[in-house]
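Enquirer: for reference, the sequence and a predicted model appear below.
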Amino acid sequence: MLFRRRAASAFVRKLLYFAIICGLLWLLWLGLHGVMSTGEGDQAVEALNEFYTMEQSGNFGGSWELFHSQMKKKFEKSTYVQQRAHVFMQDMGTDTFTFELGEPQAEYDIRTDQNGEELGKVYRITVTQHYKTRFGNFDIVQPCYVTQEDEKWRVLWIYKDKE
């Protein structure tokens, strides 16, 4: 009887040690993950998610507000809203889409077009939009860029030709 109690007690003790070690390893992993990650990539993904969530619901005016100033020069707000609504809702016959965002990848000195100014550090995130239209189901895959401007995350598309 005494032997059984000691054996059970030893088992419980080993189980407790194992749980403590697992917990400490988990905390160490979380700490290292937090130290090694600046969090900027996650913030860029959040900004792009907000942009495409607005586009998904047809709030093209709201998504336009998240554009970088270089994009706002390309599109007046009213023109952007009309064209996006026309192409996606009227021409394709769909009123929404689903989307997936890829992993952010830091890039440097990107230009939106041949004559554009360099942007410094940006995050390239691949966006896949899934459409169900009167013309069938299809995907649009587009690399998008997110960078900080006036301490806010802003969305860009690249227009320069591939080299």
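Expert: Sure, I can see it. Residues are numbered from 1 along each chain as shown.

Enquirer: need the residues that contact stretch 80-93.
Expert: Stretch 80-93 is contacted from outside by 55, 58, 60-61, 64, 75, 94-95, 97, 131, 133-135, using Cβ atoms under 8 Å, 6 or more residues apart in numbering. Where C-beta positions appear, they are placed from N, C-alpha and C, glycine not excepted.

Enquirer: how about the contacts made by the residue most central in space within the chain?
Expert: Among the residues of the chain, the one closest to the centroid is V45, at 2.5 Å (Cα atoms, centre = their mean). With Cβ under 8 Å, 6+ apart as the criterion, the residues that contact V45 are L101, P104, Y123, I125, V146.

Enquirer: out of the residues you listed, which is nearest to L30?
Expert: The shortest gap between L30 and any of these belongs to P104, at 20.0 Å (Cβ to Cβ).

Enquirer: name the element the closest residue to that closest one other than its chain neighbours belongs to?
Expert: Excluding its sequence neighbours, the residue lying closest to P104 (Cβ to Cβ, 6 or more residues apart in numbering) is G41, at 3.7 Å. Under the criterion DSSP states H and E, the helix or strand holding G41 is helix 40-56.

Enquirer: check E103 too.
Expert: With DSSP H and E as the test, E103 turns up in no helix or strand.

Enquirer: what number of residues lie near it?
Expert: Neighbourhood size, E103 [other Cβ atoms under 10 Å]: 10.

Enquirer: now swap in N59 and tell me
Expert: Neighbour count for N59, taken as other Cβ under 10 Å: 13.

Enquirer: and the gap between it and A44?
Expert: 20 Å (Cβ to Cβ, to the nearest Å).

Enquirer: could you chop this structure up by domain?
Expert: Domain segmentation of the chain under automatic domain parsing yields 1-36, 40-156.

Enquirer: shaky segments in the protein?
Expert: Scanning the chain with the threshold set as pLDDT under 70 gives 1-8, 32-38, 161-163.

Enquirer: the residue nearest to P104: neighbour count?
Expert: What G41 shows, counting by other Cβ under 10 Å, is a neighbour count of 16.

Enquirer: host element of F99?
Expert: For F99, the element it lies in under DSSP H and E is strand 98-101.

Enquirer: buried residues in stretch 147-163?
Expert: The neighbour-count criterion (16 or more other Cβ atoms under 10 Å) identifies T147, Q148, W153, R154, V155, L156, W157, I158 as the buried residues of stretch 147-163.

Enquirer: phi, psi for the second one please.
Expert: The main-chain torsion angles of Q148 are listed as degrees, to the nearest 10 and equal phi -90, psi 140.

Enquirer: many thanks, I have nothing further to ask.
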